[in-house]
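> fold the following.
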Amino acid sequence: MSKGPGRVQRAIIAAFEAAPSSRFTTQELAASIFTNPPTASHVETVRQALVKSKFKKSRAGHLKTGGWHHVWGV
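As a prediction, the model looks like this:
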């Protein structure tokens with residue numbers, strides 16, 4: 001039985017409330033929640049929290065990195 005959103009989910013919700021029209025990659029959210037650079041387990045924790053939440057995943061290209069990345073938004 002769930003007791004509500006956890007610490008990571010609350011941090012993600014706060015990030016989207018601060019910038020509602022922004023889109024974030026999983027790596028960017030993990031870096032804002034955890035230490036820089038986040039470990040692979042931190043990124044996976046953020047990914048799982050995003051999948052369980054109401055946020056939508058889409059694909060976007062980044063000119064600086066060259067290639068497609070998944071971004072999350074409201």
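
> what residues does Thr45 make contact with?
8, 30 (C-beta atoms under 8 Å, 6 or more residues apart in numbering). Every residue, glycine included, has its C-beta placed from N, CA and C.

> tell me the pLDDT of it.
As predicted, Thr45 sits at a pLDDT of 93.

> quickly find the element holding it.
For Thr45, the element it lies in under DSSP states H and E is helix 40-52.

> Lys57 falls within a helix, correct?
No - secondary structure of Lys57 (DSSP: H, G, I helix; E, B strand; the rest coil): strand, not part of a helix.

> identify the residues contacting it.
Lys57 sits next to 50, 70-72 when contact means C-beta under 8 Å, 6+ apart.

> go again with 7 Å.
70, 72 (C-beta atoms under 7 Å, 6 or more residues apart in numbering).

> now it: how far from Gln48?
13 Å (C-beta to C-beta, to the nearest Å).

> try Ser22
Distance from Ser22 to Gln48, by C-beta to C-beta: 21 Å.

> give me the element the closest residue to Val43 other than its chain neighbours is part of.
Of all residues not flanking Val43 in the chain, Ala30 sits nearest, at 4.6 Å (C-beta to C-beta, 6 or more residues apart in numbering). Element membership for Ala30 (DSSP H and E) is helix 26-33.

> got the contact list for that helix?
Contacts for helix 26-33 (C-beta under 7 Å, 6+ apart): 8, 11-12, 15, 37-38, 42-43, 46-47, 50, 70.

> buried residues in the lowest-mean-pLDDT helix or strand in the chain?
Every helix and strand in the chain was compared by mean pLDDT, DSSP states H and E; the lowest is strand 68-73, with a mean of 77. For strand 68-73, the neighbour count (16 or more other C-beta atoms under 10 Å) marks 71-72 as buried.
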